[in-house]
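**Q** Sequence first, predicted model second:
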Amino acid sequence: PKNVGILAMEIYFPPTCLQQEVLEAHDGASKGKYTIGLGQDCMGFCTEVEDVISMSLTAVTSLLEKYAIDPKQIGRLEVGSETVIDKSKSIKTFLMQIFEKHGNTDIEGVDSTNACYGGTAALFNCVNWVDSSSWDGRYGLVVCTDSAVYAEGPARPTGGAAAIAMLVGPDAPIVFESKIRASHMSHAYDFYKPILDSEYPVISLIPACLVERQVVDGKLSQTCYLMALDTCYKSLCNKYEKLEGREFSMADAAYFVFHSPYNKLVQKSFGRLVFNDFLRNASSIDESAKQILAPFESLTGDESYQSRDLEKASQQVAKPFYDEKVQPTTLIPKQVGNMYTASLYAAFASLLHNKHDTLAGQRVIMFSYGSGLTATMFSLKFNEGQHPFSLSNIASVMNVAEKLKSRHEFTPEKFVEIMKLMEHRYGAKDFVTSKDCSLLAPGTYYLTEVDSKYRRFYTKK
Ligand code: ACO
């Protein structure tokens, strides 16, 4: 098969959200901390009738319908998620309800989990399957689904929720450049979820008091992210240079798409890439930029992650390139928040939404990061594609502007109340939900009941 990649996409995020400016005031944070400090505008969240299973049921059903895909044509289904609802039964098996109805139970694949990276693992599995001798000619389907919620405290405004479904096959408008790919994987306790009866993550080095207070060591996770980014970028540049016999720099990609825990980290990340280009003496860095970055040339790696001056200088140099190569990817992550496995692909969906009519022929570099830690930088190339698998049709199916516009804003008080209820509901049995689907769009799945044997029941509006 040729041009294996993403044929079609659908995104779903809850219609319930909270403005960061309002949350900031409610939390007593200084004005601008969440909106400028973290760079976030709004945060989506699941109410008690939605979860990662309902969101993925919605995304998959909608994708099959809108691109007129016969469910029998799916030969592999892979889910990436870090939201644990069951320690054994995969989310994939819940999604089989859609396919069983059509007599298709011959579908390979299960769930992949490692923090925000599972979606990328699932995507690679599907792409590799289509590229392999095991491929039976049918489509692969990838689902990234997560609900990111944090305990009260500084990390809470970095929550979010979404599900994204992606159809994988040959002759795609979004093609994998599989040789241009580099990973960095390592053992770190930067963000993890060892408390099995809580949905909230913990991050700590050693201090047990932090674990008890469920404090997230966000600064460590930020540094781990940036170190993984640097390592992947260096390795990708080296591989490219061996392959193509010429330098790779940020000038070789039209766009850079990052996993986005919060937008500020994306700004810092792109600044790091610019700094890397400077250290490698790449042609993308002009004389005036060299002068600004020269004072930092001799910093050790560790020092470079601590230096506020370097952070400022590289962001200053990066600014015009950021506006051109990154800003068009930031819409959904800024509006919905961290969607964990779906975050990178929501940033990618933002790019399709904003630029679908000028993407053909362009290259985009993707950076996937999952704490713990696993990271891969990889390259995609666009072509116009053919209806229904065209860039413009993908953008129109996802209908991002309309989905964002039709959301309902909650007060922080109501949000906190819902978070409290969800803490009790997590891992609980024997309850029915309010079944209130008044805010959900027609076609949305929602949770109605968890019975005395922990079995979950969903209905479609
Ligand atoms: N106006 C403008 N900016 C402000 C204001 C203000 N009033 N107040 C603070 N800021 C800035 C700070 O200067 C800081 O910016 P900087 O990063 O450029 O220094 C930023 O806002 C954040 O403020 P801090 O006080 O440094 O951070 P805080 O301790 O409150 O927590 C954090 C932020 C660490 C990001 C927290 O939200 C967190 O732990 N999040 C979860 C972990 C995470 O997402 N890690 C990332 C990778 S792993 C993953 O995907 C889960």
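**A** Arrived safely.
**Q** got any ranges where this protein has weak pLDDT?
**A** Counting by pLDDT under 70, the chain contains low-confidence residues at 203-219.
**Q** So which residues on it come close to the ligand?
**A** When proximity is defined as CB under 6 Å from any ligand atom, the chain approaches the ligand at 30-33, 36-38, 116, 154-155, 158, 191, 216, 218-219, 221-222, 225, 261-262, 264-265, 338, 371. (Each C-beta comes from the backbone N, C-alpha and C, glycine too.)
**Q** For PyMOL, what selects the buried ones among those?
**A** Applying 16 or more other CB atoms under 10 Å to those, the buried members can be selected in PyMOL as follows:
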select buried, resi 33+37+38+116+154+155+158+191+216+218+221+222+225+261+262+264+265+338+371
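**Q** Can you show me the CA trace of stretch 5-20 as CSV?
**A** Presented in CSV, the C-alpha positions along stretch 5-20 are these (Å, rounded to 0.1, in the frame of the first residue of the first chain):
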residue,chain,number,x,y,z
GLY,A,5,-1.9,7.6,6.8
ILE,A,6,-4.9,9.4,8.1
LEU,A,7,-7.9,9.3,5.8
ALA,A,8,-10.6,10.9,8.0
MET,A,9,-11.0,12.4,11.5
GLU,A,10,-13.8,13.3,13.9
ILE,A,11,-13.5,15.2,17.2
TYR,A,12,-15.9,15.3,20.1
PHE,A,13,-15.5,17.4,23.2
PRO,A,14,-18.2,17.9,25.9
PRO,A,15,-20.5,20.9,25.4
THR,A,16,-19.9,21.9,29.0
CYS,A,17,-17.0,24.3,29.8
LEU,A,18,-15.7,26.9,32.1
GLN,A,19,-13.9,30.2,31.2
GLN,A,20,-10.4,30.3,32.6
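**Q** So for this protein, the centremost residue is which one?
**A** In the chain, the C-alpha nearest the mean C-alpha coordinate belongs to S343, at 1.7 Å (CA atoms, centre = their mean).
**Q** Would you confirm that it contacts A115?
**A** No: counting by CB atoms under 8 Å, S343 stays clear of A115, with 10.6 Å between them.
**Q** from the stretch 351-461 of the chain, which residue is nearest to the ligand?
**A** The ligand sits closest to S371 of the stretch 351-461 of the chain, with a gap of 4.6 Å, by CB to the nearest ligand atom.
**Q** and the gap between that residue and V22?
**A** Distance, S371 to V22, by CB to CB, to the nearest Å: 28 Å.
**Q** So what's the residue count around K312?
**A** Using other CB atoms under 10 Å, K312 has 12 other residues around it.
**Q** Secondary structure element holding it?
**A** helix 308-325 (DSSP states H and E).
**Q** going on from the longest helix along the chain, what's the next piece of helix or strand?
**A** When the chain is parsed with DSSP state H, its longest helix is helix 218-244. Using DSSP H and E, the helix or strand that follows helix 218-244 towards the C-terminus is strand 255-258.
**Q** OK, contacts around I85?
**A** Counting by CB atoms under 8 Å, 6 or more residues apart in numbering, I85 makes contact with D51, V52, I53, I91, R456.
**Q** For the closest residue to the first one other than its chain neighbours, give me its contacts.
**A** Once flanking residues are discounted, D51 sits nearest to L447: 5.9 Å by CB to CB, 6 or more residues apart in numbering. Under the criterion of CB under 8 Å, 6+ apart, the contact list for L447 reads E48, V49, E50, D51, I53, S54, T433, R456, F457, Y458.
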